[in-house]
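Asker: Sequence plus the predicted model coming up.
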Amino acid sequence: MTDKTVGRRWVVKRGAVLAALAAAGMVVPKELFASWNKAAFEGKTADEVVKALGGSSAAASGEVQIIASDIAENGAVVPIQAVSRLANTQQIAILVLANPNVLAAVFDVGPDIVPDFTTRIKMSQTSNVIVLVKADGKFVSATKEIKVTLGGCGG
Amino acid sequence: MNRREFLGVLAAAAAAGMDLSARRAGAQTADALYDVPAFGNVSLLHFTDSHAQLLPIHFREPSVNLGIGTMAGRPPHLVGEALLRHFALPAGSREAFAFSYLDFERLSRQYGRVGGFAHLATLVKRLKTARPGALLLDGGDTWQGSGTSLWTKGQDMVDAAKLLGVDIMTLHWECTYGIERIAEIADNDFKGRVQIVAQNIKTADFGDPVFEAFTIRQIGGVPVAIVGQAFPYTPIANPRYMVADWTFGIQEENMQATVDAARAAGARVVVLLSHNGMDVDLKLASRVRGIDAILGGHTHDGVPKPLIVDNPGGKTLVTNAGSNGKFLGVLDIDVQGGTVRDFRYRLLPVFADLLPPDAAMQELIARVRAPYLRKLEEKLAVSEGLLYRRGNFNGSFDQLILDALMQEKDAEIAFSPGFRWGTSVLPGEAITMENLLDQTAITYPYTTLTSMSGEQIKLVLEDVCDNLFNPDPYLQQGGDMVRVGGLAYRCDPTASAGKRISAMTLKGQPIEAAKTYKVAGWAPVAEEAKTAGGEPIWDLMARYLRARRTVPAPRLNLPGLIGTDGNPGIAL
């Protein structure tokens, strides 16, 4: 088994102290709350979410990549990697069409940030998952179906 | 010497002569089968999915192995006559017996048992003599599937693999002993001897690799990369809590990056040791560039010849090497000027009566079994019919399990998982405890009794059916359909997800969506089942069998099939 991970784990453990400080209110990221888009997170369809984020439509783009397992190992925590190769990427959103509220996450991308995010989302059932990218004011997307299954019965 | 003595001598000589000529004939047959001329400069030997069968066994290949969509009508989805025709195997021959279900009972008595690690060891040594430097690759599902492997937590197979000379392996059922047990074996028993490779096992927290993705070995002066691919859906098909800190998946992007990294590190040949299953391997081979050959397993398909798949980077050979120790794959590659020029591939059936057992391996097997021998050899009942498991929808041994579950649990419906391992018992043979454990030896053997609504039952059948017949191989899990007792249904494998199952009835009455039914089962993947106190399936089965001294041939409960006419993956 590999030993590569030890150094990173040590750093992250130390990082957790900072996170704890933030959680305790000693470091308050107030600007995060300022950008909360209530309408987008309450959207029931992809169209509603795109509109709430300020767009009208989102064509498929080969410059947007969604990396995820074809079958979720656990619907409660499905790892999704969203990547944009577009210049001036401003925002990346992750949508799960079969969830009661479609929008799962929004990342605002600053000028010095590589638009490549990994997060974990919750999925109630098999669904198309959309990565929506806003770049240069235009919205584009990539879609992948992720299956949520009952499990068991493997060869 | 009187007349009587003279006749006695004649008889003895005749017997000795007969014996000698039979032995000579056996040796000739063995030479014809196993004298595979060496070819090229890079050789790999491959076995997979032995499911811990240390001794020679009977194993009936499927008569139902349907391919859907683009997978219809091509290997591995050919059975019986269609399979013999495709691979030009003469009916009744040793090869026809090994690769197809045809005339299984009669040919089993004629050609005897197959597999067994002592016989496999002899074959490996024989092939290595002409192939210095050849590597032996183990595709996984090696540590699970027998009583002794379960009771020793895979130690018997770990020791056997080391003695056999396995160089590199990848994983699936091994994971059902838990992460700690795998780490213990990898870091101790296997250290410096057997390397586990898996590009697709990562830590669940940061996605860090758990094993090396590949290893580069020099064979005949050529740097050869062996990339590992563990079973992508281990945490779904098997209990997730057993591998809670690890994540799997096909990880196609990482596969491409791994192959590119192996090439960049100097590999002139890249071989994928895969536990994807054959349909997944065929799709992967069409999309990932730079893999010369995929030595595959998981779906237990004994495929005599490789399929050659085109992709944007060139061509990739895809093989699948069967199961239960029946076969040894031999891939010889000719590498000239740093590129692959040509290859030869054979999938050799291991006939126990043609290969004398290797003494050291035989001794190891005897030692491993000694403490458990009495338990293993207990004769539970005599089977009047042929017992086997393999097949898309049911097998006679599974039907026996379903019948026992319904009887012992007083249930109207029973489910049994669509596992593809499990050996066969010939008509008239005793079902021993060992045979029973060959079907049931898992680390989550709990039996269950559940109240399920008709709607839930439909959902389960549809869900498992989609894992088997989804037209996209990446969404298949490589097991067979859940075996169903009591409940009759129709199945259209060609329909879309959620629409394959229809006409569900119980004793002639339609299943009602809102009504509740008592359903017995076993092998639950939920963690709660671990502490729920469900009786192990082998105890329930042993009780059921001991109470009957003989069991008649089980009557298979098979779904009515729609949309499979003319499909060469079925012969009913």
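Answerer: Yep, it's here. Residues are numbered from 1 along each chain as shown, chains lettered A, B, ... in the order given.
Asker: alpha carbons only for contacts and neighbour counts from here, please
Answerer: Fine.
Asker: Quick one: residues in contact with whatever helix or strand residue B:225 lives in.
Answerer: Assigned by DSSP states H and E, residue B:225 falls within strand B:222-229. Contacts of strand B:222-229 with the rest of the structure, by C-alpha atoms under 8 Å, 6 or more residues apart in numbering or on different chains, involve B:41-42, B:169-171, B:196-200, B:213-218, B:250, B:258-259, B:262, B:266-276, B:335, B:338.
Asker: which of those residues are close to chain A?
Answerer: Checked against chain A using C-alpha under 8 Å from any C-alpha of the partner chain, those yield the following neighbours: residue B:250.
Asker: Got a ChimeraX select line for the buried ones in the contacts of strand B:222-229?
Answerer: Only the buried members of those end up in this ChimeraX selection, burial being decided by 16 or more other C-alpha atoms under 10 Å in any protein chain shown:
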select /B:41,42,169,170,171,196,197,198,199,200,213,214,215,216,250,258,259,262,267,268,269,270,271,272,273,274,275,276,335
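Asker: Confirm residue B:260 sits in a helix?
Answerer: Yes. Using DSSP: H, G, I helix; E, B strand; the rest coil, the secondary structure at residue B:260 is a helix.
Asker: Quick check: nearest residue in space to it, chain neighbours excluded?
Answerer: Distances taken as C-alpha to C-alpha, 6 or more residues apart in numbering or on different chains put residue B:290 closest to residue B:260, at 7.4 Å, once the chain neighbours are dropped.
Asker: any weak-confidence spans in chain A?
Answerer: Scanning chain A with the threshold set as pLDDT under 70 gives A:1-35, A:153-155.
Asker: the helices in it, which residues?
Answerer: A:5-23, A:30-34, A:38-41, A:46-52 (DSSP state H).
Asker: Can you classify whatever residue of the stretch 351-500 of chain B ends up closest to chain A as helix, strand or coil?
Answerer: Nearest residue of the stretch 351-500 of chain B to chain A: residue B:479, at 3.8 Å (C-alpha to the nearest C-alpha). Under three-state DSSP, the three-state class of residue B:479 is coil.
Asker: so what pLDDT did it get?
Answerer: With respect to pLDDT, residue B:479 has a value of 89.
Asker: Repeat that for residue B:24.
Answerer: Reported pLDDT for residue B:24: 78.
Asker: pretty sure it is in a helix, no?
Answerer: Yes. Residue B:24 forms part of a helix when assessed by three-state DSSP.
Asker: Distance check, it against residue B:353.
Answerer: 13 Å (C-alpha to C-alpha, to the nearest Å).
Asker: When the two are compared, which one has more neighbours?
Answerer: residue B:353 (17 against 12; other C-alpha atoms under 10 Å in any protein chain shown).
Asker: Burial check on residue B:363, number of neighbours?
Answerer: When neighbours are counted by other C-alpha under 10 Å, residue B:363 comes out with 12.
Asker: that older thread, tell me the helix or strand right after the strand holding residue B:225.
Answerer: Next in sequence after strand B:222-229, counting helices and strands by DSSP H and E, comes helix B:234-237.
Asker: pLDDT averaged over that following helix - what is it?
Answerer: 94.
Asker: Quick one: residues in contact with it.
Answerer: Here helix B:234-237 has contacts from A:73-74, A:149-155, B:172-173, B:175, B:240-244, B:247-248, B:477, B:525, using C-alpha under 8 Å, 6+ apart.
Asker: Would you mind listing which of those are buried?
Answerer: Among the contacts of helix B:234-237, those buried by neighbour count (16+ other C-alpha under 10 Å) are A:73-74, A:149-155, B:172-173, B:175, B:240, B:242-243, B:247-248, B:477, B:525.
Asker: Could you list which of those residues belong to strands?
Answerer: residue B:247 (DSSP state E).
Asker: Report how many residues lie close to residue B:60.
Answerer: Look at residue B:60: counted by other C-alpha under 10 Å, it has 27 neighbours.
Asker: swap that for residue A:42, please
Answerer: If you count neighbours by other C-alpha under 10 Å, residue A:42 ends up with 15.
Asker: Equivalent analysis for residue B:72, please.
Answerer: Residue B:72 has 18 neighbouring residues, counting by other C-alpha under 10 Å.
Asker: Tell me who's in contact with it.
Answerer: B:66, B:567, B:568, B:569.
Asker: Ok, residue B:308 next?
Answerer: B:315, B:316, B:317, B:318.
Asker: again with residue B:485
Answerer: Contact analysis of residue B:485 by C-alpha under 8 Å, 6+ apart lists B:399, B:402, B:403, B:406, B:413, B:414, B:415, B:557.
Asker: out of those, which are inside helices?
Answerer: Short answer: the contacts of residue B:485 in helices (DSSP H) are B:399, B:402, B:403, B:406.
Asker: what stretches of chain B score poorly on pLDDT?
Answerer: Scanning chain B for pLDDT under 70 picks out B:1-20.
Asker: and the host helix or strand of residue B:46, which strands flank it?
Answerer: Element membership for residue B:46 (DSSP H and E) is strand B:42-47. Applying DSSP bridges, strand B:42-47 is found paired with strand B:135-138 (parallel), strand B:327-336 (antiparallel).
Asker: which residues touch it?
Answerer: For strand B:42-47, contacts defined as C-alpha under 8 Å, 6+ apart pick out B:124, B:131, B:133-139, B:219-220, B:222, B:295, B:321, B:325, B:327-335.
Asker: Stretch B:403-420 now?
Answerer: Against stretch B:403-420 from outside (C-alpha under 8 Å, 6+ apart): A:152-155, B:299-300, B:389-394, B:398, B:401-402, B:449, B:479-487, B:517-523, B:540-541, B:544.
Asker: go on, stretch A:94-104?
Answerer: Residues from elsewhere that reach stretch A:94-104, judged by C-alpha under 8 Å, 6+ apart: A:40-46, A:49, A:82, A:93, A:105-106, A:121-132.
Asker: Cool, thanks, signing off.
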